[in-house]
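Asker: A predicted structure for the sequence below; I have some questions about it.
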Amino acid sequence: MKVAVSSSSLNLPLGSLSCPQKLNAILDISKAMAAEHPLEDLLLFIADNSARLVEAECASVFVLDEAKAELFSFATQGANGEIRFPVGVGLAGHVAQTGKTLRLENAYADSRFNNHFCTQTNCQPKSALCVPLLSHTKKIIGVLQLLNSTKGIFSEDDERLCLVLGEQAAMAIENAVLVAELGALFRGFVQASVLAVESRDSNATGHSSRVATLSVNLAKAVGEKNPKQKLPKNELIELYYAALLHDFGKVGIYENTLTKPFKLHHHELEAIRTRIELVKKERETEYYRRCLSLALRAGSNAWAHAEALEKERLDSELAQLDEALQLIESSNIPNLLPVEDLERLQILASLTYPVGLGKRTPLLKQQELEALSIAQGTLSSFERKTIESHVELTARFLERIPWSRSLARIPAIAKAHHERLDGSGYPLGISANEVLFQSRIIALCDVYDALTAVDRPYKKAVPHEQALNILQQEAKKGRFDAELLAIFIDANVGPASAQTYTEEQRPGNNQEKQGTPTFRAD
């Protein structure tokens, strides 16, 4: 990306300008540098304009990496990629070490010149001018190096101009580095937030970042199909982070609900098993009492026959209780129950077990019966409402963050990712004209990934084509944006996105280290 400068003085070859005009050009260059630019673009801009300012054939801007005691540059004319070398090596390294300007008539003959630089840049040095880039506190930020003046040698005026430009460049570089560090800090915070949420549910690992990738790719596909709907870069970034954080509120949901694999919680099923064992013991106790009574009243021949009947009765009762437990355990698995099993559960609920002297209580509590009767999934109506509350928690958490103006809609976009166009969604149940375009995109991608990514305790993952069929049925009911879905299908967004997933994003990867992909809006 080139940084454009609009100035009458910069529209002319800088070498044709007088010294005052060159000072005006420096002001124009400084204004352009003051705008927010990525570091690489800024360095290229400084190198290009400084070369033009003093009529040099080759210019490089090196930035000091204090942690490694190295100079590096993405902006060296004639070179491809990054150049990096230790402080103290070469002309630029010497200036970075001493903080003093170098102006040489024959750089190649100078013992401090780094010959390796020639092979990297294809630049054969003659004259050279190197000036330190100093911050307002006189701290060395980097070095501006210019080679081969078209006038033969660099003059004292060239040196003074570069020192003035260098001060402005140093401030711009400091700002660009600060912006980059703040961006890295923000991305790290988001990555840590996503990790905190997804580490609580191994089945969700990578879900948020996959939804973010799918959402951005779908938005780009929409823009290619209809340029009027093309999102600008800042809105693509906003969509990306809204999608990445759409499930952030799940950090506030109890894990025993968030990751519930069966209809009954483990302690509930264990309690039922214990109750059935109590009933069994009760039946055995009754059996022994009846046998003792018969032994006292009947003779030996009658006793043997009566005891056999009582044993047969006990075995039948114990077998029925075993069948009851099998029914409960099979009903606990998140499958659709046959009608006859539902009826048997209702009968079973009428059984009682002893809880004290003369006291009895139903074998199945009402909430346990309701849980076992769940038609789809593992969640009771109360638990489903609890899970659904993650959307409002997401909005509440995200609203506490002081977003920049370009990202201000992230809470609203994320909050609406479970809304449906027919008003059947949550939390607000709003209709189509109130659902943001970005929220429609995330809603579609969220469901697609949930369908295809990985087996969940309550459902199996489905193939890509089957997921599209499900989404098409939902779109026909007016729940999803049919035009978005058509573009999603035509652009092959699902499989195309899957090819770009990192190892941590891939479905089924439950490693602790969770990566967040680098966003690219281009």
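Answerer: Yep, it's here. Residues are numbered from 1 along each chain as shown.
Asker: ok, now which ones touch residue 279?
Answerer: Counting by CB atoms under 8 Å, 6 or more residues apart in numbering, residue 279 makes contact with 321, 351, 353, 363. The way it works is simple: take the backbone N, C-alpha and C, and place the C-beta from them, glycine included.
Asker: ok, now with 10 Å
Answerer: 317, 318, 320, 321, 324, 351, 352, 353, 354, 363 (CB atoms under 10 Å, 6 or more residues apart in numbering).
Asker: and it, how far is that from residue 504?
Answerer: 50 Å (CB to CB, to the nearest Å).
Asker: pLDDT below threshold where in this protein?
Answerer: 1-23, 36, 75-80, 116-122, 298-302, 455-458, 508-522 (pLDDT under 70).
Asker: quick one, domains of it?
Answerer: 9-182, 199-257+385-498, 266-377 (automatic domain parsing).
Asker: just the helices in the stretch 301-450 of the chain please.
Answerer: In the stretch 301-450 of the chain, the helices defined using DSSP state H, counting those that start in this stretch lie at 339-348, 366-372, 381-388, 390-399, 410-415, 437-452.
Asker: related to what we said a few turns ago, reformat the domains of the chain as CSV; add distance to residue 193.
Answerer: Listed next are these as CSV, based on distance: least, CB to CB, whole Å:
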stretch, distance to residue 193
domain 9-182, 16
domain 199-257+385-498, 6
domain 266-377, 27
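Asker: which one of those domains lies closest to residue 192?
Answerer: In terms of CB to CB, the element of those nearest to residue 192 is domain 199-257+385-498, at 10.3 Å.
Asker: can you give me how far that closest one is from the chain middle?
Answerer: 12 Å (CA atoms, centre = their mean, to the nearest Å).
Asker: measure it end to end?
Answerer: 21 Å (CA to CA, to the nearest Å).
Asker: can you pull out the strands in this structure?
Answerer: 56-65, 70-76, 83-86, 102-104, 128-134, 140-149, 352-356, 359-362 (DSSP state E).
Asker: and of those strands, who's closest to residue 211?
Answerer: Among these, strand 70-76 sits nearest to residue 211 (CB to CB), with 32.3 Å.
Asker: how far off centre is that closest one?
Answerer: 31 Å.
Asker: which stretches of the stretch 101-250 of the chain form helices?
Answerer: Applying DSSP H, counting those that start in this stretch to the stretch 101-250 of the chain gives helices spanning 116-121, 156-198, 207-225, 233-244.
Asker: give me the nearest residue to residue 42, chain neighbours excluded.
Answerer: Distance criterion CB to CB, 6 or more residues apart in numbering; nearest residue to residue 42, sequence neighbours excluded, is residue 176 at 5.0 Å.
Asker: go through the helices of the stretch 301-450 of the chain and name the closest to residue 247.
Answerer: Once the helices of the stretch 301-450 of the chain are compared by CB to CB, helix 390-399 is nearest, at 6.5 Å.
Asker: report the angle between the closest one and helix 233-244.
Answerer: Between helix 390-399 and helix 233-244, the angle comes out at 130 degrees (axes from the mean of the first three to the mean of the last three CA atoms, to 10 degrees).
Asker: kindly export helix 390-399 (C-alpha atoms) in CSV.
Answerer: The C-alpha trace of helix 390-399 is given here as CSV (Å, rounded to 0.1, in the frame of the first residue of the first chain):
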residue,chain,number,x,y,z
HIS,A,390,-24.9,-16.1,27.2
VAL,A,391,-25.9,-13.7,24.5
GLU,A,392,-26.9,-11.0,26.9
LEU,A,393,-23.9,-11.7,29.0
THR,A,394,-21.7,-11.3,25.9
ALA,A,395,-23.3,-7.9,25.2
ARG,A,396,-22.9,-6.9,28.9
PHE,A,397,-19.2,-7.8,28.9
LEU,A,398,-18.5,-6.2,25.6
GLU,A,399,-20.3,-3.0,26.4
